[in-house]
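> This is the structure alone, sequence omitted:
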Ligand SMILES: C[S@@+](CC[C@H](N)C(=O)[O-])C[C@H]1O[C@@H](n2cnc3c(N)ncnc32)[C@H](O)[C@@H]1O
């Protein structure tokens, strides 16, 4: 009997199984197209001819798996990425949050933390930051280390300033950081109510009940089975009428949880848990 | 031979080229079409509304995990790569390829993986080489490869690069591309 899988697909499946069995990192339900692309690129960088050759190497070489893990996760982020999202958050979500005495917000898959600092700035300008606690989590410990420092390359500030202003920022963006030897160091007061911690959406459970969960441009790397699993986690971690924010081109529509939310601002992918 | 997907890549000059391809396709054209057009990362969905004026086929800016349906046209959203999976799309924010996100290579290579010989890839006008590797991947998997005749391209760099790198199946003047697609996808006529 022949299957429809070509040899590379078989190697790909075996590699992903192998990584899971040997190291416990579970990529089995990641969206295959982008994962394959990154694995091929890694082969190229390492000068390996086939995925099988990579399989051999990662099973025996701890440094190689570290490099592979780094190159498999996509950490693209920016402050005030998609400014429209922050405008909608300010106008439609903040008034709801004002009615709560204490507000818990979870940024799942926060990468190097730019999104979390952006939220802290927005909440500070709205005058409710002192009532908030923000949890920034990611599976990748390395990016969290950067997030905790709040130090970013100074050369990014021009772009971040532009996005901040487009997002309806009310002050001068440079008030929020100190420039130092090519770096911008964000003021520690912004981090006062932020907790950064490692959390893997595939394998870890919920750790609190939240008023807001933001998870942008993370679920796109998962297949639909895993998306549904993670949406289950979010649904169970949100309080009733809690708010879910997804990335610009993501939607609750193609998931099993479509009926559990109403759109708050559909163009900006802000939803409200309704049952 | 039935095809599952037509994938089109273009950069500089792409809007007017896409307009001509789309407006010459009949409304009964059922093979789904996926388009990667280079554009600015903050552009909104004006591209799809502009193109929608020229065709009755419904055009979508793809959302993650959107199904690939017959008779629909799908456009890679600004600042995301568009990837093909079995029966649906995925998006990614992987780093740009040849400075481009969306990248034509990413669309074509992922489509070649899934659809192999059951797909058609087309490169139109463009000012860099993004798309050439993707076209080579489609060719290697037995898919049909078509390139716009460089003399009819606003920017011939991409078509020329493709022709000199890949043994393409057809090199066609822009106005002939749509009729040829109709011929390939429904040889019996309607
Ligand atoms: C493209 S970044 C998105 C960053 C930020 N949310 C934004 O939209 O700007 C994707 C992040 O998801 C994280 N990630 C991938 N798989 C994960 C998992 N299983 N659990 C938690 N985070 C994960 C990656 O480490 C990466 O930092």
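Ah, there it is. In this text, all values refer to a predicted model and were calculated from it rather than measured experimentally. Residues are numbered from 1 along each chain as shown, chains lettered A, B, ... in the order given.
> What is the neighbour count of residue B:59?
Burial of residue B:59 is recorded as 21 neighbouring residues (other C-beta atoms under 10 Å in any protein chain shown). For every residue, glycine as well, the C-beta is placed using N, CA and C.
> Show the backbone phi and psi for it.
With angles defined as degrees, to the nearest 10, residue B:59 sits at phi -110, psi 130.
> quick one: contacts for it?
B:48, B:51-52, B:72-75 (C-beta atoms under 8 Å, 6 or more residues apart in numbering or on different chains).
> What of residue A:268?
For residue A:268, counting by C-beta under 8 Å, 6+ apart, the contacting residues are A:82, A:84-85, A:87-89, A:245, A:248.
> In the residues you listed, which residue is surrounded by the most others?
residue A:89 leads the contacts of residue A:268 on contacts (other C-beta under 10 Å) with 26 neighbours.
> Next up, the contacts around that residue.
Per C-beta under 8 Å, 6+ apart, neighbours of residue A:89: A:119, A:122, A:245, A:268, A:270.
> Swap in 10 Å and give it another go.
A:97, A:118-119, A:122-123, A:126, A:167-168, A:212, A:214, A:243, A:245, A:264-265, A:268, A:270 (C-beta atoms under 10 Å, 6 or more residues apart in numbering or on different chains).
> Ok, residue A:61 next?
So, once contact is read as C-beta under 10 Å, 6+ apart, residue A:61 ends up touching A:67-68.
> Repeat that for residue A:201.
Residue A:201 touches A:108-109, A:137-139, A:215, A:218-219, A:222, A:226, A:229-230, A:233-234, counting by C-beta under 10 Å, 6+ apart.
> Tally up the residues packed near residue B:179, please.
Counted with other C-beta under 10 Å, the neighbours of residue B:179 add up to 13.
> Which secondary structure state is assigned to it?
helix (DSSP: H, G, I helix; E, B strand; the rest coil).
> Let me know whether it touches residue B:24 as I believe.
Yes. With contact defined as C-beta atoms under 10 Å, residue B:179 counts as touching residue B:24 (6.7 Å).
> In chain B, what residue spans correspond to helices?
B:14-23, B:46-52, B:104-115, B:132-140, B:157-165, B:174-185 (DSSP state H).
> and of those helices, who's closest to the ligand?
helix B:104-115 (15.1 Å; C-beta to the nearest ligand atom).
> elements contacting that closest one?
helix A:7-23, helix A:32-46, strand B:5-10, strand B:33-37, strand B:81-84, strand B:89-92, strand B:119-123, helix B:132-140 (3 or more C-beta pairs under 10 Å, 6 or more residues apart in numbering or on different chains; DSSP states H and E).
> Just the pLDDT at the residue lying closest to residue B:134 once chain neighbours are set aside, thanks.
Once flanking residues are discounted, residue B:134 sits nearest to residue B:108: 2.6 Å by C-beta to C-beta, 6 or more residues apart in numbering or on different chains. With respect to pLDDT, residue B:108 scores 98.
> Quick one: neighbours of the residue in chain B that chain A sits nearest to, just the number.
The nearest approach of chain B to chain A comes at residue B:83, 3.8 Å away (C-beta to the nearest C-beta). Residue B:83: 32 surrounding residues under other C-beta under 10 Å.
> now residue A:104
Count around residue A:104 with other C-beta under 10 Å applied: 18.
> And residue B:78, by the same measure?
Residue B:78 has 21 neighbours, counted by other C-beta under 10 Å.
> For it, give its distance to residue B:133.
For residue B:78, the distance to residue B:133 (C-beta to C-beta, to the nearest Å) stands at 22 Å.
> And residue A:268, by the same measure?
Residue A:268 is 35 Å from residue B:133, by C-beta to C-beta.
> dump the residue contacts of residue A:153.
Residue A:153 neighbours (C-beta under 10 Å, 6+ apart): A:182-184.
> Pull up the gap between it and the ligand, please.
16 Å (C-beta to the nearest ligand atom, to the nearest Å).
> Beta-bridge partners for that residue, please?
residue A:183 (DSSP bridges).
> Can you tell me the centre-most residue of chain A?
What sits nearest the mean C-alpha location of chain A, by C-alpha atoms, centre = their mean, is residue A:109, with 2.4 Å.
> What sits closest to it if chain neighbours are left out?
Counting by C-beta to C-beta, 6+ apart, the residue nearest residue A:109 is residue A:218, at 3.2 Å.
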